[in-house]
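Visitor: A predicted structure for the sequence below; I have some questions about it.
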Amino acid sequence: MVEKVDVLICGSGSAGLCAATWLARCGIRCKVLERRDGPMTMGQADGVQCRTVEIFESFGIGEELLRESYHVLEVVFWAANGSGDIKRTGRTADTQPGLSHQPHVILNQARINGLFIESMQRFNDQIIDYGFDIKNVEVDSSLVNDPQSYPVKVTAEKEGRTEIFEAKYALACDGAHSTVRRSLGYKMIGDSSDAVWGVMDMVPRTDFPDIRKKTTIRSKAGNLLIIPREGDARNLTRFYIELPAGTKAKEVKLEDLQQSARAILSQYRIEFAETVWWSAYAIGQRHADFFHRDYRVFLAGDACHTHSPKAGQGMNVSLQDGYNIGWKLATVLKGLAPPSLLETYVLERQKVAIDLINFDRYFSKLFSSGGQTSPAEFQEGFIKSGKYTAGLTAKYDSSAITFHTEGSEQLSTNIVTGMRLPSSQVVRYCDSKPVQLMTALKSDGRWRVMAFVGDISKSENKSKLNALGNYLSSDESPLHRFRQKDADIDSVIEPILVGYGKRHGIELEEIPEAFHPIAGKNQIKDLHKIYFDDESYNKGHGHVYEYLGISPEKGAVVIVRPDQYVSAVIGLDDYRQIGRFFEGFLIPQGESASPESKL
Ligand SMILES: Cc1cc2nc3c(=O)[nH]c(=O)nc-3n(C[C@H](O)[C@H](O)[C@H](O)COP(=O)(O)OP(=O)(O)OC[C@H]3O[C@@H](n4cnc5c(N)ncnc54)[C@H](O)[C@@H]3O)c2cc1C
């Protein structure tokens, strides 16, 4: 029997699980097929960028991640001196202050996957079907123009039985050796000579002084990257060792890795008290030649980009591919936007993949140049790369959902259209709680219209706020036009107000109702959409206007996507542009089902 599904996710690694979590969060059922018999239990990647921690926070699972992980706060650099010994040559903050309110952390990939598996189950009882080996994926191109069709045919085997699935959409999240990619006839392009890396998770017995810090060692005997692992009491540590050119991953033994580590740390004592996982694997710097088939099958994660583990990007970029496509699929399947919204996945993530490969080439060269780069140059290159390795440089090109308006740079000098909105502390008006602005941007599928209206005790700002509030409550408001049938006014687009200055001088009735609408199960006023850039009682002042470069006199309206990327920055007086922006790609609900979209 053929089973029909809206979305079929091939593989339950980082990319597949993140997309499945989004779909579950938005109430969309999907099918996740996984070859393994159960969840991953050990090993592979461990570095979680600041941006990935922000994503976990937005799904409401950031606290677990932060509690269980090692926090990477400092990096230490060691290099060989003239006599061949290694010496400490510098230290720096791992993430330069001000880049993100979240730290870079380390947690094993099995647990990171586990956090997703738990939350998708919590959100929508979404499960994974284990033991399914996907053998083939094909698309019937004659059906792809009908949004209701199931043009993707997936053939899988379980316990010797062949099972067929038909899907509206499929995601190829089946890793570096992707069967889906091969079925579609796509190739990986890029470097053919694969560097081999050894990695081991073990408990070291050593007198090397920086063993509990992220440390890079460039010695005459080779290069070593030390990553302390979660669980302070256990002292688990990861060593990454680049193995000599010509090494074959399959022939590497644990003793080879131990021997290399001893040679690199030769002037220190090192024994391996316990080794819990090790691997040697070859990684080429490559990306797929195509990222989709008829916009019905999308490639994500290692299935479309592979590179070295030096900068700790693999799991993060893969997971962020899933994060990019998940909400878009949910939006289309709910009938809120036409399928052409999905084309922006390819526009945005293909560029990220190519940037990743280029960055990895640069970073690998920096790491491996064996004596050609001085310790000072190496350290400088490492620090300069910090924003990239924190996951904060992705900039999406113009499209219907990324709308570069003239003069937006002057309205907010530290907000870049197409990049994720930076966060600072604000004080919530209803309960005086100091919170990060980003906590207002939960991953729940909604768009946000964020009104930075300046000091509303001033009459000029107040009249601008009232004009905006009246517009957002009017019949022509995009909040009304695109809301889901019978759902709350903020079900698709949520208005948020960020005032400037003393919150205590403002009464709630001075703030337009658009920012405290009646909503929720009990249909009561939602007071959690109003924030002030003000001093908190015990956590200082976030100075968010200054941080974002918004003038308290002029203000600005910032439109933010469901994934916290900035769609547009608009002048307070130009509020009608908000409606024009959403008309570009959202389908008015209750009106014609398929209006002309500008996508
Ligand atoms: C052995 C190994 C060690 C690694 N070590 C590190 C490291 O130390 N540091 C680092 O940064 N990165 C490391 N990586 C890379 C990192 O794990 C990946 O970049 C990241 O997991 C990519 O996520 P993904 O979801 O694209 O793919 P994966 O996490 O590889 O997930 C793919 C999933 O698809 C499943 N699958 C594959 N084929 C099929 C099929 N035909 N049918 C059904 N299911 C299928 C797989 O079982 C797997 O669960 C390692 C990768 C490997 C393979």
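Guide: Alright, I've got the coordinates. Computed from a predicted structure; not experimentally measured.
Visitor: quick check: which element contains the residue positioned nearest the centre of the chain?
Guide: Residue closest to the mean C-alpha point of the chain, counted by CA atoms, centre = their mean, is residue 320 at 3.7 Å. Assessed by DSSP states H and E, residue 320 sits inside helix 314-333.
Visitor: can you name every helix or strand that that helix contacts?
Guide: strand 2-10, helix 14-25, strand 47-48, helix 50-58, helix 109-124, strand 161-172, strand 305-306, helix 343-368 (3 or more CB pairs under 8 Å, 6 or more residues apart in numbering; DSSP states H and E). The C-beta positions use only the backbone N, C-alpha and C, and glycine is treated the same way.
Visitor: among these, which is nearest the ligand?
Guide: With respect to the ligand, and counting by CB to the nearest ligand atom, the nearest of those is helix 14-25 at 3.7 Å.
Visitor: next helix or strand past the closest one?
Guide: The helix or strand immediately downstream of helix 14-25 is strand 31-34, counting by DSSP H and E.
Visitor: now tell me what touches that following strand from outside.
Guide: 3, 5, 7-12, 16-17, 20, 126-132, 134, 154, 156, 165, 167 (CB atoms under 8 Å, 6 or more residues apart in numbering).
Visitor: those: which ones sit near the ligand?
Guide: 10-12, 16, 132, 134 (CB under 6 Å from any ligand atom).
Visitor: between those residues, which has the most around it?
Guide: residue 10 (33 neighbours; other CB atoms under 10 Å).
Visitor: what does the stretch 251-400 of the chain put close to the ligand?
Guide: 279, 281, 301-303, 309, 312, 314-315, 318.
Visitor: what about those residues, which are in strands?
Guide: Among those, the ones falling in strands (DSSP state E) are 279, 281.
Visitor: in a markdown table: the residues of the stretch 251-400 of the chain next to the ligand, plus neighbour count and pLDDT.
Guide: Below are these laid out as a markdown table (neighbours: other CB atoms under 10 Å; pLDDT from 0 to 100):
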| residue | neighbour count | pLDDT |
| --- | --- | --- |
| 279 | 16 | 92 |
| 281 | 16 | 82 |
| 301 | 31 | 97 |
| 302 | 26 | 96 |
| 303 | 31 | 97 |
| 309 | 21 | 75 |
| 312 | 22 | 77 |
| 314 | 25 | 89 |
| 315 | 25 | 94 |
| 318 | 26 | 97 |
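Visitor: just checking, residue 68 touches residue 107?
Guide: Yes: at 5.8 Å, residue 68 and residue 107 qualify as touching, with contact defined as CB atoms under 8 Å.
Visitor: what's the overlap in contacts for these two?
Guide: Joint contacts of residue 68 and residue 107 (CB under 8 Å, 6+ apart) are residue 230.
Visitor: who has more neighbours, those two?
Guide: Shown here are residue 68 and residue 107; by other CB under 10 Å, residue 107 has more neighbours (24 against 16).
Visitor: give me the residue from the stretch 451-599 of the chain nearest the ligand.
Guide: Nearest to the ligand in the stretch 451-599 of the chain, going by CB to the nearest ligand atom, is residue 563, at a distance of 17.7 Å.
Visitor: got the contact list for that residue?
Guide: 323-324, 327, 420, 443.
Visitor: tell me the one of those residues nearest the ligand?
Guide: Of all the contacts of residue 563, the ligand sits closest to residue 323, with 11.8 Å by CB to the nearest ligand atom.
Visitor: what residues are up against that closest one?
Guide: So residue 323 contacts 18-19, 22, 55, 563 (CB under 8 Å, 6+ apart).
Visitor: for the ligand, give me its nearest residue in the stretch 101-250 of the chain.
Guide: With CB to the nearest ligand atom, the shortest gap between the stretch 101-250 of the chain and the ligand falls at residue 175, namely 3.1 Å.
Visitor: so that residue makes contact with residue 306?
Guide: No: Residue 175 is not in contact with residue 306 according to CB under 8 Å; the separation is 9.1 Å.
Visitor: and those two? Which one has more around it.
Guide: For residue 175 and residue 306, the more surrounded residue by other CB under 10 Å is residue 306, and the numbers stand at 27 against 21.
Visitor: count of residues packed around the residue lying closest to the more buried one once chain neighbours are set aside?
Guide: Residue nearest to residue 306 in three dimensions, not counting chain neighbours: residue 176, with 5.0 Å by CB to CB, 6 or more residues apart in numbering. Number of residues near residue 176 (other CB under 10 Å) recorded here: 19.
Visitor: correct me, but residue 176 touches residue 304?
Guide: No: the pair residue 176 / residue 304 is not scored as a contact, 9.7 Å apart, by CB under 8 Å.
Visitor: can I get the helices and strands packed on helix 314-333 in TSV with mean pLDDT?
Guide: Below are those laid out as TSV (pLDDT from 0 to 100):
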stretch	mean pLDDT
strand 2-10	98
helix 14-25	98
strand 47-48	94
helix 50-58	98
helix 109-124	97
strand 161-172	98
strand 305-306	92
helix 343-368	90
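Visitor: so which of these gets nearest residue 510?
Guide: Judged by CB to CB, the one of the helices and strands packed on helix 314-333 that comes nearest to residue 510 is helix 50-58, at 30.4 Å.
Visitor: next SSE after that closest one?
Guide: Remark: after helix 50-58, the chain's next helix or strand is helix 62-68, criterion DSSP H and E.
Visitor: contacting residues around that following helix?
Guide: 48, 53-54, 56, 102-103, 105, 107, 111-112, 115, 230.
Visitor: for the helix-or-strand element of the chain with minimal mean pLDDT, buried residues please.
Guide: When each helix and strand of the chain is scored by mean pLDDT, DSSP states H and E, helix 375-384 comes last, with a mean of 84. Using 16 or more other CB atoms under 10 Å as the test for burial, helix 375-384 gives 375, 378-379, 381-383.
Visitor: ok, now stretch 34-53?
Guide: 34-35, 39-40, 43-53.
Visitor: now, the most widely separated pair of these?
Guide: Greatest spacing in the buried residues of stretch 34-53, by CB to CB: 35 and 50 (31.7 Å).
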